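> show me how the following folds:
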Amino acid sequence: MKNALFVCLFTVSVGAMAQRLDHTSNDIPKPYRQGTWLVGIQGGYSNGNLMKNYLITHVQGGYFVADKLLVGLSSTQSWEWIRSAHDNTLAVGPMVRYQFTRTRISPFLTAAYQVGNRKSGSSEIQATILLPQPNGPTTTVTILTPSFPKTVYSRSFGAGVTIGITRALKLDALISWQDKVYKADDGLYSYMGVYQPQIGVNYLLGL
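Got it, this is the predicted structure:
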């Protein structure tokens, strides 16, 4: 009789403990819920359209207007260069992001439209030219070339996966496509687009 009573008490205690644990786990909010915020940075490196090196960084932040749907702003700084020649762009605009799940590993899509400023040119170019000199027929001179600012319009799309490190800290791995459209000196519009692998770090606020 005592053994049966002990078994009953033990079973009831374990059941009550399991119920409390289940209730506690259900109380933990899932990520990407409506009313929370996300801030983050991402970037990547690849070959450029005009020059060999292309480095880009995005700083972004937004508000989840619905579960898994983020609306916010994104700022992009890009550098394209080879030797002393360079092409730099800074642009800002609205962005949207959608997480497909609210799990630790969550695929997502993101898109942005930005307007900004583009500068291209060269800080200095060394050239060898023929000049009459007492000690030889040639000399090396440094030619300074100016940078020409232009208004640029940019669209970007990305697809990737978010991996949760903690409840608030997330890592992104994605493939991004971004273009730049601007009016060239001849009056025609020039277009450049590039695909690039990128990584990012995000932090959720208001959990």
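> ok, then the element right after the strand or helix carrying Val152?
Using DSSP states H and E, Val152 falls within strand 148-164. Once strand 148-164 ends, the next helix or strand along the chain (criterion: DSSP H and E) is strand 169-183.
> which of the residues in that next one are classified as buried?
Neighbour-count burial for strand 169-183, with 16 or more other C-beta atoms under 10 Å as criterion, is recorded at 170, 172, 174, 176, 178, 180, 182. From N, CA and C alone the C-beta is placed, and that goes for glycine too.
> once you drop chain neighbours, what's closest to the third one?
To tie it back to what came earlier, the one meant is Leu174. Once flanking residues are discounted, Leu174 sits nearest to Gly160: 2.5 Å by C-beta to C-beta, 6 or more residues apart in numbering.
> same question, the fifth one
Closest residue to Gln178 in three dimensions, ignoring its sequence neighbours and counting by C-beta to C-beta, 6+ apart: Ser156, at 4.0 Å.
> now do that neighbour, the pLDDT please.
Ser156 carries a pLDDT value of 93.
> give me the beta-bridge partners of it?
Ala112, Gln178 (DSSP bridges).
> count of neighbours near it?
Applying other C-beta atoms under 10 Å, we find 23 residues neighbouring Ser156.
> please report the distance of it from Ile41.
From Ser156 across to Ile41, the span is 15 Å (C-beta to C-beta, to the nearest Å).
> any regions of the protein where pLDDT drops low?
1-28, 48-51, 81, 83-86, 121-148, 184-190 (pLDDT under 70).
> how is it divided into domains?
1-30, 31-205 (automatic domain parsing).
> what helices and strands are in contact with the strand holding Val152?
strand 69-82, strand 85-99, strand 105-122, strand 169-183, strand 189-205 (3 or more C-beta pairs under 8 Å, 6 or more residues apart in numbering; DSSP states H and E).
> isn't Gln42 up against Gln196?
No - using C-beta atoms under 8 Å, Gln42 makes no contact with Gln196, being 10.5 Å away.
> hang on, the earlier thing: tabulate the helices and strands packed on strand 148-164 (a markdown table), appending distance to Thr151.
What follows is the helices and strands packed on strand 148-164, written out as a markdown table (distance: least, C-beta to C-beta, whole Å):
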| stretch | distance to Thr151 |
| --- | --- |
| strand 69-82 | 15 |
| strand 85-99 | 10 |
| strand 105-122 | 7 |
| strand 169-183 | 7 |
| strand 189-205 | 11 |
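> right, so of those, which gets closest to Ser46?
Among those, strand 189-205 comes nearest to Ser46, with 4.4 Å by C-beta to C-beta.
> can you pull the buried residues of the closest one?
190, 192, 194, 196, 198, 200, 202, 204.
> and stretch 103-122, what's buried?
Buried-residue list, stretch 103-122, by 16+ other C-beta under 10 Å: 106, 108, 110-112, 114, 116, 118, 120-122.
> what does stretch 65-74 give?
68, 70, 72, 74.
> quick one: the last one from Lys183, how far?
From Ser74 across to Lys183, the span is 23 Å (C-beta to C-beta).
> likewise for the third one?
Using C-beta to C-beta, Gly72 is found at 28 Å from Lys183.
> do the first one as well
As for Lys68, its distance to Lys183 is 38 Å (criterion: C-beta to C-beta).
> and Met95, what are its bridge partners?
Under the criterion used (DSSP bridges), Met95 bridges to Gly72, Ala112.
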